[in-house]
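Colleague: This is the structure alone, sequence omitted:
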């Protein structure tokens, strides 16, 4: 977090209304410029995920890619 702040890629957005009042952050125009985006809407979508029976995050796209690879190998 400190490096992102130092490089001006994020900035404080205020305190959250949660226990401990943690600080919230938002990206800056410098962040967008550094990564070649004009607006936040240009950012790629986050991968779809779900929790497995052990409450571990499973990314659906990785599972689909692995299944497709296995089918191609057979």
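Modeller: Nice, I can see it. These figures come from a predicted structure and were not determined experimentally.
Colleague: need the helices for the chain, in chain order.
Modeller: 2-6, 29-35, 60-73 (DSSP state H).
Colleague: For those helices, which has the smallest mean pLDDT value?
Modeller: Across the helices of the chain, the stretch with the lowest average pLDDT is helix 60-73; it has a mean of 57.
Colleague: Around residue 42, how many other residues sit close by?
Modeller: 10 (other C-beta atoms under 10 Å). (C-beta placed from N, C-alpha, C; glycine too.)
Colleague: so who does it touch?
Modeller: residue 32 (C-beta atoms under 8 Å, 6 or more residues apart in numbering).
Colleague: Nearest residue to the middle of the chain?
Modeller: By C-alpha atoms, centre = their mean, the chain has its centre lying nearest to residue 46, at 6.1 Å.
Colleague: And that residue, how far from residue 57?
Modeller: Remark: distance between residue 46 and residue 57 (C-beta to C-beta, to the nearest Å) = 12 Å.
Colleague: again with residue 25
Modeller: 22 Å.
Colleague: the more surrounded of those two?
Modeller: Set residue 25 next to residue 57 and count neighbours by other C-beta under 10 Å: residue 25 wins out with 15 against 9.
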